[in-house]
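Chemist: need a 3D model of the sequence below.
(one chain, ligands or ions: 2)
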Amino acid sequence: MKPDLPDILTRDQHPISRRQIDEDCLKVLYRLHRNGFKSYLVGGSVRDLLLGRTPKDFDIATDATPNQIKRLFRNCFLVGRRFRLAHIRFAGNKLIEVATFRREATPEELPDDPDDHLHFVQNLFGTPCEDAFRRDFTINALFYNIADFSVVDHVGGLVDLKQRQIRVIGDPLIRFVEDPVRMLRAIEFAARLDFKLCDNIVPAIEKHMKLLATAAPARVREEIMALFRYGIAAPVLHQCRELGMLPHLLAGYPGTNEGIAMLAQVDARTRSGITIDESFALAALYLRLFMDSCPSEHSTPITAALQSANDILTPHCRYFSIAAGIRIQARDLLISCFRLMRGRGRRGEQKFLRHPATATALELFTLWTKVRPDLLPLLQEWNTVTNTPGRPVDTPVRRKRRRRKKNATKNQP
Ligand code: ATP
Ligand code: MG
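Modeler: Ligands and ions are numbered 1, 2, ... in the order given. As a prediction, this is how the structure comes out:
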């Protein structure tokens with residue numbers, strides 16, 4: 001890697017066409033450019049366009065400072081701790097993120113007080129080349145320059161794209177200590193793109209994986225959810241298990257074969273186009289452990305199941321600061337799976353069937369039966385009641401209410 005000599009692909013040497021770039025993103029790129037600023041498409045979108053994939057979002061980098069960006073766009077909001085990023089809003093809740101080129105701080109220039117480091121580092125603006133070098137992997141550091149429609153590569157990312165490999169910019173032993181989340185991201189991108197990891201990555205992960213436990217939980221949570229959203233939770237967590245990384249990443253998650261097989265089912269569901277929310281992901285993650293903790297399905301009372309669902313989910317949700325609403329939804333999914341597991345004919349079955357969460361739980365349980373085919377007859381039994389349209393499910397409940405009312409009048413003086 002030669003920091004001073006970027007490889008440049010001119011418009012006729014790469015396949016990226018402006019037609020593939022979001023319209024509003026193009027408007028932002030052009031306006032920055034017309035006003036005399038450098039204006040690049042950066043990050044995942046350039047990588048994905050070069051691979052012929054559809055980018056999830058389009059990020060822009062420029063040499064305009066956040067305040068200069070704000071002056072150019074009426075619909076611009078500066079966000080992040082102490083104004084580090086510009087968000088430009090468009091119709092339909094669309095957000096285009098515009099960042100000023102930044103660079104890494106050298107240890108000597110950091111302020112004496114560690115509390116001031118974050119502010120200092122986040123506002124350290126740099127050149128495009130320095131901005132490329134502070135990024136995580138070479139394939140994530142490619143730029144598309146709107147001035148001449150060229151692709152600019154400071155870090156050797158084009159070669160790695162061609163060779164389908166994830167290469168850390170700089171020395172993984174240093175970059176993983178700087179930011180341990182990069183270890184997870186390396187495995188994540190390899191799985192998403194079906195790339196291999198460069199040889200120096202696994203040894204560096206083996207050396208530094210313990211540091212994952214010191215990473216900001218909010219960032220780890222975000223990356224874990226990304227695994228579910230991209231439908232790669234099973235392969236990534238499997239590899240994390242093989243590397244011995246799971247205890248540092250998800251302390252309470254055992255990652256058994258059945259647990260991972262369940263995640264593979266969830267991944268298949270996501271890849272079929274169904275959006276996954278965090279409560280579903282959480283319930284799927286811990287379903288196997290939960291089922292294990294309710295050993296004799298027929299005798300465990302619901303309160304004991306509730307207790308074990310809480311015991312499993314609460315430490316996870318506390319560590320990752322997951323809102324109570326999500327935790328309770330996940331807990332209800334687990335409890336509903338427990339009810340499904342106990343089989344039909346229990347007290348409160350009609351009420352259970354009418355509960356809004358039951359359909360989702362049934363979906364989760366259906367995935368579980370693909371891991372545990374011995375449960376298929378049980379599922380079929382449930383499907384006979386849940387799939388019958390127009391079934392008078394509310395009759396028994398109405399009867400029950402009437403009885404209560406009668407009692408109430410009887411007891412009145
Ligand atoms: P996605 O398609 O998931 O959005 P992405 O490559 O855009 O993939 P983001 O998480 O959106 O990934 O990050 C945007 C860019 O920011 C990355 O492409 C990378 O250049 C840089 N980046 C993200 N996380 C890190 C990190 N931990 N260390 C260094 N650079 C990072
Ligand atoms: Mg992105």
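
Chemist: contacts, neighbours, all on C-alpha from now
Modeler: Fine.

Chemist: kindly export the host helix or strand of Phe338 (C-alpha atoms) in PDB.
Modeler: The secondary structure element spanning Phe338 is helix 324-342 (assigned by DSSP states H and E). Provided in PDB are the C-alpha atoms of helix 324-342 (Å, rounded to 0.1, in the frame of the first residue of the first chain):
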ATOM      1  CA  ALA A 324     -38.000  -3.600  28.100                       C
ATOM      2  CA  GLY A 325     -40.500  -3.600  25.300                       C
ATOM      3  CA  ILE A 326     -38.200  -5.700  23.100                       C
ATOM      4  CA  ARG A 327     -37.300  -8.000  26.000                       C
ATOM      5  CA  ILE A 328     -40.900  -8.600  26.900                       C
ATOM      6  CA  GLN A 329     -41.800  -9.400  23.200                       C
ATOM      7  CA  ALA A 330     -38.900 -11.800  23.100                       C
ATOM      8  CA  ARG A 331     -40.000 -13.400  26.400                       C
ATOM      9  CA  ASP A 332     -43.600 -13.700  25.100                       C
ATOM     10  CA  LEU A 333     -42.300 -15.500  22.000                       C
ATOM     11  CA  LEU A 334     -40.400 -18.000  24.200                       C
ATOM     12  CA  ILE A 335     -43.400 -18.500  26.500                       C
ATOM     13  CA  SER A 336     -45.700 -19.000  23.500                       C
ATOM     14  CA  CYS A 337     -43.200 -21.600  22.100                       C
ATOM     15  CA  PHE A 338     -43.300 -23.300  25.400                       C
ATOM     16  CA  ARG A 339     -47.100 -23.400  25.300                       C
ATOM     17  CA  LEU A 340     -46.900 -24.800  21.800                       C
ATOM     18  CA  MET A 341     -44.400 -27.400  23.000                       C
ATOM     19  CA  ARG A 342     -46.800 -28.600  25.700                       C
END
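
Chemist: which other helices and strands contact the very next helix or strand once past it?
Modeler: In the C-terminal direction, the helix or strand that comes right after helix 324-342 (DSSP H and E) is helix 349-354. Contact analysis of helix 349-354 by 3 or more C-alpha pairs under 8 Å, 6 or more residues apart in numbering; DSSP states H and E lists helix 395-411 as its packing neighbours.

Chemist: list the buried residues of stretch 217-237.
Modeler: Neighbour counts over stretch 217-237 (16 or more other C-alpha atoms under 10 Å) mark 217, 220-221, 223-225, 227-237 as buried.

Chemist: then stretch 232-252?
Modeler: 232-241, 245-250.

Chemist: in the stretch 151-300 of the chain, what residue is nearest ligand 1?
Modeler: Here the stretch 151-300 of the chain gets closest to ligand 1 at one residue, Arg182, 5.1 Å apart by C-alpha to the nearest ligand atom.

Chemist: send me the host helix or strand of that residue as CSV with only the CA atoms.
Modeler: Under DSSP H and E, the secondary-structure element containing Arg182 is helix 181-193. Listed in CSV are the C-alpha atoms of helix 181-193, where the atom choice follows Å, rounded to 0.1, in the frame of the first residue of the first chain:
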residue,chain,number,x,y,z
VAL,A,181,-15.5,-4.7,16.8
ARG,A,182,-13.5,-4.9,13.6
MET,A,183,-12.8,-8.6,14.5
LEU,A,184,-16.5,-9.3,14.2
ARG,A,185,-16.9,-7.2,11.1
ALA,A,186,-14.2,-9.1,9.3
ILE,A,187,-16.0,-12.4,9.8
GLU,A,188,-19.3,-10.7,9.0
PHE,A,189,-18.1,-9.2,5.6
ALA,A,190,-16.5,-12.5,4.7
ALA,A,191,-19.8,-14.3,5.2
ARG,A,192,-21.9,-11.6,3.5
LEU,A,193,-19.8,-11.4,0.4
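
Chemist: packing partners of it?
Modeler: If contacts are counted by 3+ C-alpha pairs under 8 Å, 6+ apart, helix 181-193 sits against strand 165-166, helix 172-178, strand 196-197, helix 217-229, helix 233-243.

Chemist: reformat those as a markdown table; add distance to ligand 1 and mean pLDDT.
Modeler: Written out in a markdown table, the entries for the helices and strands packed on helix 181-193 read as follows (distance: least, C-alpha to the nearest ligand atom, whole Å; pLDDT from 0 to 100):
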| stretch | distance to ligand 1 | mean pLDDT |
| --- | --- | --- |
| strand 165-166 | 12 | 98 |
| helix 172-178 | 8 | 96 |
| strand 196-197 | 16 | 98 |
| helix 217-229 | 7 | 97 |
| helix 233-243 | 14 | 98 |
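
Chemist: as a markdown table, these with distance to Pro66 would be great.
Modeler: Compiled in a markdown table, these are given as follows (distance: least, C-alpha to C-alpha, whole Å):
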| stretch | distance to Pro66 |
| --- | --- |
| strand 165-166 | 31 |
| helix 172-178 | 25 |
| strand 196-197 | 35 |
| helix 217-229 | 24 |
| helix 233-243 | 36 |
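
Chemist: out of these, which comes closest to Ala330?
Modeler: Closest approach to Ala330 among the helices and strands packed on helix 181-193 is made by helix 217-229 (14.3 Å; C-alpha to C-alpha).

Chemist: in CSV, list the C-alpha atoms belonging to that closest one.
Modeler: Provided in CSV are the C-alpha atoms of helix 217-229 (Å, rounded to 0.1, in the frame of the first residue of the first chain):
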residue,chain,number,x,y,z
PRO,A,217,-22.1,-2.9,23.9
ALA,A,218,-24.2,-0.6,21.7
ARG,A,219,-21.9,-1.2,18.8
VAL,A,220,-21.7,-5.0,19.3
ARG,A,221,-25.5,-5.0,19.5
GLU,A,222,-25.7,-3.2,16.2
GLU,A,223,-23.3,-5.6,14.5
ILE,A,224,-25.2,-8.7,15.9
MET,A,225,-28.5,-7.3,14.5
ALA,A,226,-26.7,-6.7,11.2
LEU,A,227,-26.0,-10.5,11.1
PHE,A,228,-29.7,-11.2,11.5
ARG,A,229,-30.7,-8.5,8.9
